[in-house]
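# let me see the structure of the following:
(chains A and B)
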Number of protein chains: 2
Amino acid sequence: MSTDSVQPKSGYWAGFDLGGTKMLAKIFDSQYKTLGKKRRKTKGHAGVELGLERMAQTIHQALEEAGLTPAELAGIGVGCPGPLDLEQGIIFEAPNLGWYNAPVKQVLEKEFGCPVVLCNDVDAGVYGEYRFGAARGASSTLGIFPGTGIGGGAVYRGQLIQGSKSSCMEIGHIKVLPEGPECGCGQYGCLEALASRLAISAAAAQAAYRGDAPKLRSLAGTDLSDIRSGILASSIKGGDESVRKIILRAAEYIGIAAGNMVHTLSPEVIVLGGGLVEAMPDLFVEAVSEATRHNVMPTFKDSFKVVAAQLGDDSSVMGVAAWAQKVVQEQSSSRIKTQV
Amino acid sequence: MSTDSVQPKSGYWAGFDLGGTKMLAKIFDSQYKTLGKKRRKTKGHAGVELGLERMAQTIHQALEEAGLTPAELAGIGVGCPGPLDLEQGIIFEAPNLGWYNAPVKQVLEKEFGCPVVLCNDVDAGVYGEYRFGAARGASSTLGIFPGTGIGGGAVYRGQLIQGSKSSCMEIGHIKVLPEGPECGCGQYGCLEALASRLAISAAAAQAAYRGDAPKLRSLAGTDLSDIRSGILASSIKGGDESVRKIILRAAEYIGIAAGNMVHTLSPEVIVLGGGLVEAMPDLFVEAVSEATRHNVMPTFKDSFKVVAAQLGDDSSVMGVAAWAQKVVQEQSSSRIKTQV
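Numbering: from 1, shown residues only, chains lettered A, B, ... in the order given. Now for the predicted structure:
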């Protein structure tokens, strides 16, 4: 029996997902059945203080739905964007929310009287898929989530790999084409600059403008803001071969980055998630799987599988609750050892 | 106090480094002071059975020098080339020795009556530098060892990262120039194909042939087999600017791969080792440091330092003994937990 499966006899855990537009709180029992939930708009622009108050209210409302009191909570996990101070539980910087130095842990621990653990939101999602979803039982897992950028995360033998600096795996900034196009980060040839939803939409918009993607043109015109994942999927279904080729090309770049990770971390399972993958799972998973295999040494070709994420929005909120449980229990067991 | 520093009250550990041409056994006390050592030729061509016997004899001789009996050994760590079955303790394939399916763990455990732990030799070296050398105390460490190929390893929060398939980090096969030159592994544009000692020597030999590296030409001619690391260093000292440029170019490629690892694993310390680095540590460390910084996002630029390995041949033999101790102690403490 792995230590991951050790549950406290009682105790409920909360998971919280702080997104750019909405926030979601869920209350879980020890088997990770949802007992209560509450979703609200984030309204980050109202500032850090009101935002943290809003987070607390949302958790209170989810607790009410679950019929529980704060005293019954064993801990809270919070999935957050941006660079984090994991120890102090501070969001350094969340430009989407306009938040800087938000003391999430301190405020919520005072409010609820239980331990609060912060975690990068993509890491939380990868951990959720590892514990409850597409990568359940894998000894090591790599998650790649192409969206506006490309997020990533990795679980190695039950541990999330959390960088000393960014608190998450910046797989979007692996160089797949040195001297390639400029990335938002200021570097050149990053995966994100070639294979994010934004890069794909930009290439598709050009095809639409040139007349090579008539379906896309009729669905969304040439404005990047309108060319979302679902639209791209519809354009391919509607016969835009040029858009299909753009997706396949992006998958090839993802395959280079994933191949690098196979050669280094050697994950058993590579989970693909996010809007693009949800909109066209079969096309994406097959193309990335083939491209990754193409980019690794023979001995690695059968060492991994590529799968689509299974939990959707639940991956982060479940993952972060389970990660908080693990962190809190490990800290308390190491305290016991130290006292002995 | 980290668990790494917990030592048994008594008990001696053996480290063994199985190289292509020589083997080295060392006996350590609990403070990792060397009590005895023995170095012999490997003579791999004599076959697996004689080879394993030779390994056992070498350990016996080191024990004798230490004035100890096998019964006083708490465990043996063995650093090995090639793909390994870490659990069964088998070398699947060591082409340099001509060995296939060598049951190292089984034979040595029977001979010495103590636990035997196998580990990839480069991983052992990186772990040694993490425990006792240039990366002492780092929360995470990446090792890059350019030699005939380019070996690598990583320690994350005290754990060696060991892939599910190769049992080591194949940093030499990170793609730094997709569609670049063919690598020995059959892929294209791998780091190893552009920055190994072999790739560097091949470029230097061309410079010598063309008349652009007169010092190198006079020292070693144009035969790759003669253009070793020390010769390259002498040629640069002797004024061959073309050879210096070849080294700097190789360092740039290493910087791309290291930058990828900074974005994903985010090591605090990057240790460079191996013959090339030992022959020109200042040039190499500075060039790789600069190139890595050039290839990462602003937030990562000060997140790591690049240093030269400190322990030379001792890194593997000390590292593998310490790793064996850690593995054996963790296994025994998890057995105790299970029994409770």
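
# for chain A, give me the ranges with low pLDDT.
For chain A, applying pLDDT under 70 flags the ranges A:1-10, A:164-167, A:336-340.

# at 80 instead, please
Residues of chain A that meet the criterion pLDDT under 80 lie in A:1-10, A:82, A:163-168, A:334-340.

# would you map the helices across it?
Using DSSP state H, the helices of chain A run over A:48-66, A:104-112, A:121-132, A:191-195, A:197-210, A:214-220, A:229-237, A:241-264, A:275-279, A:281-294, A:314-339.

# which one, of those, ends up nearest to chain B?
Nearest to chain B, of all the helices of chain A, is helix A:241-264, at 4.1 Å by C-beta to the nearest C-beta. In short, each C-beta sits where N, CA and C put it, glycine included.

# the closest one packs against which elements?
strand A:140-146, helix A:191-195, helix A:197-210, helix A:229-237, strand A:269-272, helix A:281-294, helix B:241-264 (3 or more C-beta pairs under 8 Å, 6 or more residues apart in numbering or on different chains; DSSP states H and E).

# could you give the angle of that helix to helix A:281-294?
50 degrees (axes from the mean of the first three to the mean of the last three C-alpha atoms, to 10 degrees).

# how far off centre is helix A:241-264?
Helix A:241-264 has its C-alpha centroid displaced from the chain centroid by 19 Å (C-alpha atoms, centre = their mean, to the nearest Å).

# please apply the same query to stretch A:127-141.
13 Å.

# how about it: buried residues?
For stretch A:127-141, a neighbour-count test (16 or more other C-beta atoms under 10 Å in any protein chain shown) marks A:127-135, A:138, A:140-141 as buried.

# pop the domain breakdown of chain A in here.
A:10-119, A:134-308 (automatic domain parsing).

# for the most centrally placed residue in chain A, which non-adjacent residue is spatially closest?
The residue lying closest to the centre of chain A (C-alpha atoms, centre = their mean) is A:Val122, at 2.3 Å. Of all residues not flanking A:Val122 in the chain, A:Gly151 sits nearest, at 3.5 Å (C-beta to C-beta, 6 or more residues apart in numbering or on different chains).

# if we can go back for a sec, pick the one among the buried residues of stretch A:127-141 closest to B:Gly274.
Lowest distance from B:Gly274 to those (C-beta to C-beta) belongs to A:Ser140, with 26.8 Å.

# check contacts around A:Asp175.
That one is not Asp; residue A:175 is Lys. By C-beta atoms under 8 Å, 6 or more residues apart in numbering or on different chains, the contact list for A:Lys175 reads A:187-191, B:176, B:256, B:259-260, B:295.

# show me which residues of stretch A:94-102 are buried.
For stretch A:94-102, by 16+ other C-beta under 10 Å, it's A:94, A:97, A:99, A:102.

# now distance to chain B too, for these, in TSV please.
Shown next, in TSV, are the buried residues of stretch A:94-102 (distance: C-beta to the nearest C-beta, whole Å):
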residue	distance to chain B
A:Ala94	14
A:Leu97	18
A:Trp99	17
A:Ala102	18
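
# just flag the most distant two among those residues.
A:Leu97 and A:Ala102 (8.2 Å).

# what is in contact with those two at once?
Residues touching both A:Leu97 and A:Ala102 (C-beta under 8 Å, 6+ apart) are A:Gly51.

# ok, back up a step: just the ones in strands from the buried residues of stretch A:94-102, please.
Among those, the residues falling in strands (DSSP state E) are A:94, A:99, A:102.

# how about a markdown table for the residues you listed, with distance to A:Pro214 added?
Output for those, formatted as a markdown table (distance: C-beta to C-beta, whole Å):
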| residue | distance to A:Pro214 |
| --- | --- |
| A:Ala94 | 39 |
| A:Trp99 | 43 |
| A:Ala102 | 46 |
